[in-house]
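Participant: got a predicted model here, sequence first, then my questions.
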Amino acid sequence: MRRHSYVWTISLPYLAIFLLALLGISLFLSGYFQSFFETNWQRNLTDQANLYTRLAAPIVRAGPPYTGVNEVLASAAGTSGYEVTLLLPDGTIIGDNLGSQAARSTLLGDPEVTAAISGGKGADIRTDAVTGQRTLYVAVPILSSRQPIAEIRVAASLASLDSTIQKARLILLIFSASALILIILLGLFYARRKENPLVLLTETVKGINRGERKNIQLSQRGDEIGTLAEAFFDFTDRMNLQIADLTNERMKLAAILTNMTDGAILVNSEGVVTLINPAARHLFKYFDNLATTPRTLIEVVRAHEIVNIWNLCQHSNHQQTAAFETPVDREYLQVIGTQLKPSLPEFTLLLFQNLTTQRKLETVRRDFVSNVSHELRTPLASLKALTETLQEGALSDPPAAQRFLSQMDDEIDNLTQMVQELLELSRIESGKVPLQKKLVSPSQVVEPAVQRMSLQAQRSNLNLSFDCPPDLPQIEVDSSRLQQVLVNLIHNAIKFTLPGGSILVSAQLDAQRIIFSVKDTGIGIPPDDLSRIFERFYKADRARSSGGTGLGLSISRHLVEAHSGRIWAVSRPDEGSTFSFSIPLPRS
């Protein structure tokens with residue numbers, strides 16, 4: 001809201017009174033001058049009309065044809081500029097000093113003529129239809145035996161009078177404006193003298209707002225303004241200390257809320273969200289400005305579980321905790337609702353912890369323990385059975401003992417492979433396996449891996465082929481490690497493809513990366529398992545899985561990611577699978 005100056009506050013009432021008085025006087029004088037001049041003109045014009053009646057009376061009384069009437073009227077009017085008309089009571093014009101009576105048949109409708117016909121004198125001021133000027137009309141009767149036998153009407157233009165009045169009004173206006181300006185200047189000067197201390201005090205306040213500390217010595221004054229200044233400076237010092245403390249606390253709170261990894265939402269008793277931190281905005285994908293578009297809790301979070309927690313806090317006055325999974329993003333959240341009593345009893349604070357990662361890690365840990373236990377239990381149980389068989393007398397049968405020892409050796413080899421792959425995976429995940437990178441063509445990665453697995457594919461009655469254009473750009477990689485990835489993928493394709501099927505290994509350029517793919521016509525992978533096949537020990541279908549530790553794909557994922565690449569799979573049950581990984585081209 002616009003604030004008015006103290007000068008205007010004390011000056012405007014007086015200026016308004018003076019302006020109204022000046023306006024009233026001006027209007028009165030303007031009207032008075034106009035009425036005065038018009039009255040004088042009417043009196044003079046009536047005297048002239050009386051003169052014309054005395055000159056025209058003999059001719060009228062002589063009767064028609066009223067010879068010489070125009071000349072008499074013209075001679076009498078002379079150069080006055082008046083229009084003199086002689087007419088009978090029935091309105092017939094019989095004479096005119098300008099000789100224009102033929103252009104008008106009657107003047108009976110004019111007010112002044114009507115008054116003269118009644119035996120009196122008539123006058124009227126109106127705008128002439130021909131000249132467009134204000135004109136004064138005066139009509140005087142010619143009497144015979146006290147009865148009007150004719151009328152003299154005199155018309156005089158008021159153009160010169162109007163011009164004179166306009167000049168008088170202009171002079172009056174100039175005088176009034178000059179007087180008003182003078183009064184305003186005097187009033188402002190007087191008000192400024194009274195206001196100077198307040199102006200200085202205002203400047204001091206503005207300086208304090210800018211962080212400045214001005215001393216204008218107003219507190220040395222002995223009047224009310226000095227007392228006001230002294231009280232104001234004391235108040236300002238206390239307020240500055242409080243504002244500094246509040247600003248510091250607010251900055252701390254803002255920093256905490258902004259940098260919190262947990263979401264925070266403050267809700268009032270009506271269910272309207274009054275505060276939301278960045279973590280909560282990101283969590284619920286809400287980025288509108290609450291100051292301009294207030295929203296309720298359900299509009300922001302779009303989850304009835306959270307609203308239920310808020311309602312429980314409102315009714316129980318105790319902290320409430322709940323965990324739930326969001327329906328769209330499938331994220332696992334924990335919400336803690338706390339009513340802010342006694343400081344803010346009308347508000348409830350909702351804290352949100354995203355436990356999705358912890359839950360996934362817990363699932364992976366649980367599955368890892370289960371998978372390791374399963375993978376170790378099978379060979380250990382086999383070793384235990386073989387050992388007990390040997391102890392129970394199989395040692396006395398050398399061929400059987402040799403067969404059992406061979407089986408024990410195979411189980412030990414499986415255990416050894418599992419331990420080696422676990423150690424390999426651990427080294428890769430910890431970054432302790434250095435990559436020997438050099439520029440190679442994609443064919444130098446694909447062809448050795450295909451050749452290495454071709455014999456195994458032939459034994460399984462599978463068609464193994466590759467498609468790798470020779471003109472693909474070089475990549476900077478550890479070729480032996482990428483060959484290990486391709487061997488793992490080809491090995492899985494052979495294991496899960498029925499005899500007579502085919503496997504195609506390819507490499508192609510896609511934007512700024514090379515994509516390697518292994519496509520088979522095997523049994524495929526169920527959709528629920530597709531997102532977890534790169535986890536350690538995870539097997540899509542244990543009933544159909546034979547052999548292996550379940551670590552190959554996990555090792556492959558880490559080796560690809562170590563090359564700044566990405567690995568993924570596309571598959572449908574009974575329609576085959578395609579495993580692909582991308583390697584970025586070296587920067588030029």
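Facilitator: Right, received. Where do you want to start? Numbers count the residues shown, from 1 in each chain.

Participant: what does stretch 151-162 contact?
Facilitator: 37-38, 41, 45, 48-49, 52-53, 56, 80-89, 107, 110, 112-113, 116-117, 125, 128, 131, 133-142 (Cβ atoms under 8 Å, 6 or more residues apart in numbering). In this view, the C-beta of every residue, glycine as well, is placed from N, C-alpha and C.

Participant: from those residues, keep the buried residues only.
Facilitator: Burial by neighbour count, 16 or more other Cβ atoms under 10 Å: within these this picks out 37-38, 41, 45, 48-49, 52-53, 56, 82-89, 107, 110, 112-113, 116-117, 135-142.

Participant: can you give me phi and psi for P442?
Facilitator: phi -60, psi -30 (degrees, to the nearest 10).

Participant: from memory E305 sits against A322, does it?
Facilitator: Yes: counting by Cβ atoms under 8 Å, E305 touches A322, with 6.2 Å between them.

Participant: can you list residues touching both of these two?
Facilitator: V335.

Participant: among the contacts of stretch 151-162, name the ones in strands.
Facilitator: 83-87, 125, 134-142 (DSSP state E).

Participant: how much space separates I276 from I309?
Facilitator: 16 Å (Cβ to Cβ, to the nearest Å).

Participant: what do you get for S460?
Facilitator: 57 Å.

Participant: dump the residue contacts of E299.
Facilitator: Per Cβ under 8 Å, 6+ apart, neighbours of E299: none.

Participant: about what we covered before: for S460 and I309, indicate the residue with more neighbours.
Facilitator: I309 (22 against 17; other Cβ atoms under 10 Å).

Participant: helix/strand/coil for the more buried one?
Facilitator: helix (DSSP: H, G, I helix; E, B strand; the rest coil).

Participant: which non-adjacent residue is nearest it?
Facilitator: G337 (4.4 Å; Cβ to Cβ, 6 or more residues apart in numbering).

Participant: I117 contacts A150, correct?
Facilitator: No: using Cβ under 8 Å, I117 is not in contact with A150, being 9.8 Å away.

Participant: spit out the residues that contact the two alike.
Facilitator: Shared contacts of I117 and A150 (Cβ under 8 Å, 6+ apart): P89, P141.

Participant: sorry, back to before: how about the residue nearest to I309, phi and psi?
Facilitator: Dihedral angles (degrees, to the nearest 10) for G337: phi -100, psi 130.

Participant: which residues in this structure form helices?
Facilitator: 6-62, 69-77, 111-117, 159-209, 224-259, 278-284, 297-301, 304-316, 356-391, 398-430, 443-459, 479-495, 527-530, 552-562 (DSSP state H).

Participant: now the second one: buried residues?
Facilitator: By neighbour count, and taking 16+ other Cβ under 10 Å as the criterion, the buried residues in helix 69-77 are V69, N70, V72, L73, A76, A77.

Participant: outside of stretch 462-478 itself, list whatever touches it.
Facilitator: 435-443, 445-447, 450, 453-454, 457-458, 490, 494, 497, 499-509, 514, 563, 583-586.

Participant: rerun at 7 Å
Facilitator: Under the contact criterion Cβ atoms under 7 Å, 6 or more residues apart in numbering, stretch 462-478 has outside partners 435-443, 446-447, 450, 453-454, 457, 494, 497, 499, 501-507, 509, 514, 563, 583, 585-586.

Participant: measure the residue of the chain positioned farthest from its centre to A150 for me?
Facilitator: Largest separation from the mean C-alpha position in the chain: A62, at 97.5 Å (Cα atoms, centre = their mean). Using Cβ to Cβ, one gets 12 Å for the distance from A62 to A150.

Participant: quick one: mean pLDDT over stretch 232-242.
Facilitator: The average pLDDT within stretch 232-242 is 77.

Participant: quick one: the strands in the stretch 451-588 of the chain, in order.
Facilitator: 463-467, 475-477, 502-510, 513-520, 566-571, 577-584 (DSSP state E, counting those that start in this stretch).

Participant: H318 is nearest to which of the ones you listed?
Facilitator: Closest of these to H318 is strand 566-571, at 47.4 Å (criterion: Cβ to Cβ).

Participant: any idea how far the residue nearest to I309 lies from Y14?
Facilitator: From G337 across to Y14, the span is 64 Å (Cβ to Cβ).

Participant: can you list the domains in this protein?
Facilitator: Domain ranges of the chain: 6-164, 218-252, 260-354, 359-430, 438-584, per automatic domain parsing.

Participant: most tightly surrounded among the ones you listed?
Facilitator: domain 438-584 (a mean of 18; mean count of other Cβ atoms under 10 Å).

Participant: now do it: distance to the chain's middle.
Facilitator: Its chain's C-alpha centre and that of domain 438-584 lie 49 Å apart, by Cα atoms, centre = their mean, to the nearest Å.

Participant: can you get me the start-to-end distance on that domain?
Facilitator: End-to-end span of domain 438-584 (Cα to Cα, to the nearest Å): 14 Å.

Participant: do stretch 136-155 as well
Facilitator: OK, stretch 136-155 end separation, Cα to Cα: 6 Å.

Participant: kindly indicate which of the ones in strands among the contacts of stretch 151-162 lies nearest A400.
Facilitator: R134 (146.1 Å).

Participant: what's opposite that closest one in the beta bridge?
Facilitator: Applying DSSP bridges to R134 gives these bridge partners: T127.

Participant: measure it to D162 for me?
Facilitator: R134 is 6 Å from D162, where distance means Cβ to Cβ.
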